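J.: My questions concern the predicted model and sequence given below.
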Amino acid sequence: MHVGTSTFFQNPNQSKTDFEVYQNELRLADMVEPLGYESIWGVEHHFTDYTMCPDVLQFLSYMAGRTEKVLLGSMVVVLPWHDPMRVAEQFSVLDHLSGGRAVVGVGRGLARVEYDAFKLDMAESRTRFAEGSKLLVQALEEGVAEFDGELIKQPRADIRPKPYKSFKGRTYAAAVSPESSLALAELGLGMLIIPQKPWHDVEAELKAYRETFMEINGAPPPAPVVVGFTFCHEDEETAREMASRHIGNYWGSVMDHYEFKGAHLKTTRGYEYYGKFSEKIEELGDQAVKDFFVDLQVWGTPEQCYEKIMEIRGQTGHDSFLAAFSYGGLPYDEAEKSMKLFAKEVMPRLKEVPTAV
């Protein structure tokens, strides 16, 4: 199994200066390769403390120069906020800078605060994502950007530098709604899973996704990539308390950034699933939903972390696990200890797990 990490650059309640957050997060990022992790991923978000990485490819290009072997993944670039031809150019440059280590991850975005500031209509996001993804995949494979869609009109243009090598098998997209999962299959994209709903629901949607992917593309999709907010500690009770507090804090930042208590998602075209999700949150109550989210993640003793990842693998068939170690105001010294313990006690066992069939 491939084991990587993801970086979030959170600054909850502005408890530190943004510079302090960056210095600490980059310090953790510099530990990734020496500890034996095989990839580092960045997350694009804008305008709030939720994730202060507005240019994930800039971050990954920086890490390309500080590393030699790790893969460099975007989790994700939100395509509707960008010119997809420019994104293709940026990924091609990153692949050249890193010797072919780039992994493409894209998504369509959900936060009104980001769409509003970019002066974009959220109701157009599904179309923009579908058209942008088609253009991006084609441009990275053929070295030429050209598209005539409903919203994206791109005259023929060469991608220079020409793509270093094929991106097939290393192009993914995040999906939460069942409709998005099937759209990924139609676009020929692998699936990036960030746990936020029952695993049995994910399992059912993966089955439909795989069937659709095989039917359209004539080959099975790559195994999904699973992300997990991770806290590893020798003491089970300490792990439970820290995970409950800080993964719970992360969930609180999700609620705030995406305005899940607002009514706008119920009436925005393309976001009907999230509108129902908001209703479910209101029905269950804040604490129950927070506890549910925490329980989906990977935390506990090294043995418990390993068992949870393998349990998830049994339901998803994933071959890659990306551990997020810094989130929700977790003290950086605790994040570092967790990251080191996981690398020492959990990662070697995961790397011995054979590829899913």
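T.: Looks like it came in fine.
J.: and the closest residue to residue 71 other than its chain neighbours, what does it touch?
T.: Excluding its sequence neighbours, the residue lying closest to residue 71 (CB to CB, 6 or more residues apart in numbering) is residue 39, at 3.8 Å. Just so you know, the C-beta spots here come from the backbone N, C-alpha and C atoms, and that holds for glycine as well. Residues in contact with residue 39 (CB atoms under 8 Å, 6 or more residues apart in numbering) are 2, 4-5, 70-73, 103, 320, 322.
J.: can you list contacts of stretch 51-62?
T.: 7-11, 18, 21-22, 40, 42-46, 72-77, 87, 90-91, 93-94, 97, 102.
J.: Low-confidence stretches in the stretch 201-350 of the chain?
T.: Across the stretch 201-350 of the chain, nothing is flagged by pLDDT under 70.
J.: same thing but at 80, please
T.: 277 (pLDDT under 80).
J.: How are the strands of it distributed by residue range?
T.: Per DSSP state E, counting those that start in this stretch, the stretch 201-350 of the chain carries strands over the ranges 225-232, 298-300, 320-324.
J.: how about those, which one is nearest residue 273?
T.: With respect to residue 273, and counting by CB to CB, the nearest of these is strand 225-232 at 19.4 Å.
J.: then the closest one to CSV, C-alphas only?
T.: The C-alpha trace of strand 225-232 is given here as CSV (Å, rounded to 0.1, in the frame of the first residue of the first chain):
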residue,chain,number,x,y,z
VAL,A,225,-7.1,7.0,-2.8
VAL,A,226,-8.4,7.4,0.8
VAL,A,227,-7.6,10.4,3.0
GLY,A,228,-7.8,10.2,6.8
PHE,A,229,-7.4,12.7,9.6
THR,A,230,-4.9,10.7,11.7
PHE,A,231,-3.7,10.8,15.3
CYS,A,232,-1.4,8.0,16.5
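J.: still on that earlier bit, out of the contacts of stretch 51-62, name the ones that lie in strands.
T.: Counted as lying in strands by DSSP state E, out of these, are 7, 40, 42, 72-74, 77, 102.
J.: I figured residue 319 was touching residue 2, is that so?
T.: Yes: applying CB atoms under 8 Å as the test, residue 319 and residue 2 come out as touching, 6.1 Å apart.
J.: re earlier: quick one: the strands of the stretch 201-350 of the chain as JSON lines, columns for mean neighbour count too.
T.: Listed next are the strands of the stretch 201-350 of the chain as JSON lines, based on neighbours: other CB atoms under 10 Å:
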{"stretch": "strand 225-232", "mean neighbour count": "26"}
{"stretch": "strand 298-300", "mean neighbour count": "24"}
{"stretch": "strand 320-324", "mean neighbour count": "25"}
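J.: Put together JSON lines for the ones you listed, with distance to residue 249 on each row.
T.: What follows is the strands of the stretch 201-350 of the chain, written out as JSON lines (distance: least, CB to CB, whole Å):
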{"stretch": "strand 225-232", "distance to residue 249": "10"}
{"stretch": "strand 298-300", "distance to residue 249": "13"}
{"stretch": "strand 320-324", "distance to residue 249": "13"}
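J.: Please name whichever of those strands is nearest to residue 145.
T.: strand 225-232 (25.8 Å).
J.: so what does that closest one touch, helix or strand wise?
T.: strand 190-193, helix 236-258, strand 298-300, helix 302-316, strand 320-324, helix 332-341 (3 or more CB pairs under 8 Å, 6 or more residues apart in numbering; DSSP states H and E).
J.: How far does it sit from its chain's centre?
T.: On the basis of CA atoms, centre = their mean, to the nearest Å, strand 225-232 is displaced by 11 Å from the centre of the chain it belongs to.
J.: what's the angle between that strand and helix 332-341?
T.: Relative orientation of strand 225-232 versus helix 332-341 (axes from the mean of the first three to the mean of the last three CA atoms, to 10 degrees): 110 degrees.
J.: which residues sit in contact with the residue lying closest to residue 16 once chain neighbours are set aside?
T.: Ranked by CB to CB, 6+ apart and with sequence neighbours excluded, the top spatial neighbour of residue 16 is residue 24, at 7.8 Å. By CB under 8 Å, 6+ apart, residue 24 lies in contact with 16, 326, 332.
J.: Let me know which of the helices and strands packed on strand 225-232 is the nearest to residue 63.
T.: strand 320-324 (14.4 Å).
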